[in-house]
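Asker: 3D model of this:
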Amino acid sequence: MFILKIFVIMFEHLKYYISRIKQLAKNQIQYPDCKFYNGSILINSQLGHYNILFQNAQVINSIIGSHSYIQKRSTVVNANIGKFCSMASDVSIGPGIHKLNGISTHPSFFLKNTPLIKKYSQEDAFISSKETVIGHDVWIGEKAIILDGVSIGTGAVIAAGAIVTKDVAPYAIVGGVPAKVLRMRFNSIEIDGILKSKWWDKDEEWLQQNYKSFNNVLDFTKMINEKLS
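Answerer: Reported below is the predicted structural model:
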C-alpha cells in the first residue's frame, strides 16, 4: 500500500510537470516574441511584445504592456501594467483583500467563489480583489508589495521592500513601510515634458534612432522640442 501511494504521488507530479511544459509551449506559440522561463505561469492574461516571465513568475488576470519583464518568483494578480516596466524578484502585486470588519477575516465566511475546500458563504459578499494600475516605465524593487487598487504613475520607482498602500505620483521614488515619497526623479517641468512625449508609444524605429537621448533629461527634452517645432 505504501509503495502504491508513492507511485500515485510520483504520477501526479509527473502529470503536473507535463502540463506545465505544455502550457509553456502554448504561451510561446501565442507570444512568439516573448520569453517564458521554467515554472512561469500565465493565466487569463494578455501580454504585449518582448515581455519576459522569469522562473516561477506568475501573472493572473492581468494585462502586461510591451517590453515589461517580471523577475523570478514575482506574482501579479488583477493588474494593468504599462510598457517598459521593470519588476524585480519576489514582488507581489495585488495580494488580495481580507474583510476586517467581520467577526472573522477568513474568506470562507464571505466568499463562495474561492478555492477553499470548505465554504460557508452561499454568495460572494465581499470584494477580495481590486485592479492595480501601473503606468509605463515603472521600476519595482525586490520584495516590494503593492496592495490591491493602488495606482502607480508612469516613471515611478518603488524601492526594494516597500509596501505601497496608496497611489504614487508619476516619477516619484517611494520607499518604506508604508511607502512614502523619498524624492522626485525630475522637476515638474521635466516631468510634464516627458509625459507629453509619450515615448513609450513610439515605434521600434523611433526608439532605435533616439535611444541615446535617454541618458540625459536635458538632451531628451531638447530632442522632443526640436521634433515638435
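Asker: just the helices in the chain please.
Answerer: Using DSSP state H, the helices of the chain run over 2-30, 188-197, 204-210, 217-228.
Asker: what comes into contact with the third one?
Answerer: Read it as helix 204-210. For helix 204-210, contacts defined as C-beta atoms under 8 Å, 6 or more residues apart in numbering pick out 199, 202, 223. The C-beta positions use only the backbone N, C-alpha and C, and glycine is treated the same way.
Asker: repeat that with 10 Å
Answerer: Residues outside helix 204-210 that contact it (C-beta atoms under 10 Å, 6 or more residues apart in numbering): 49-50, 66-67, 84, 199-200, 202-203, 214, 219-220, 223-224, 227.
Asker: which member of the residues you listed is positioned nearest residue 132?
Answerer: residue 84 (17.5 Å; C-beta to C-beta).
Asker: so how far is residue 44 from the closest one?
Answerer: To residue 44, residue 84 is 23 Å away according to C-beta to C-beta, to the nearest Å.
Asker: for the spatially most central residue of the chain, give me its contacts.
Answerer: With distances taken as C-alpha atoms, centre = their mean, residue 76 lies nearest the centre of the chain, 4.6 Å away. Residues near residue 76 by C-beta under 10 Å, 6+ apart: 42, 45, 53, 57-64, 68, 70, 87, 91-94, 132, 134, 146.
Asker: ok, which pair from the contacts of helix 204-210 is furthest apart?
Answerer: For the contacts of helix 204-210, the farthest-apart pair by C-beta to C-beta is 49 and 219; their separation is 26.5 Å.
Asker: related to what we said a few turns ago, now that we have the contacts of helix 204-210, which of them are buried?
Answerer: Listed as buried from those are 50, 66-67, 84, 199-200, 220, 223-224; burial here means 16 or more other C-beta atoms under 10 Å.
Asker: tabulate those residues (CSV), appending distance to residue 102 and pLDDT.
Answerer: Conversion of those to CSV gives the following (distance: C-beta to C-beta, whole Å; pLDDT from 0 to 100):
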residue, distance to residue 102, pLDDT
50, 44, 97
66, 42, 97
67, 42, 98
84, 41, 98
199, 47, 95
200, 42, 96
220, 51, 89
223, 56, 82
224, 52, 80
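Asker: report the buried residues of stretch 182-201.
Answerer: 184, 190-191, 193-195, 197, 199-200.
Asker: no further questions, thank you.
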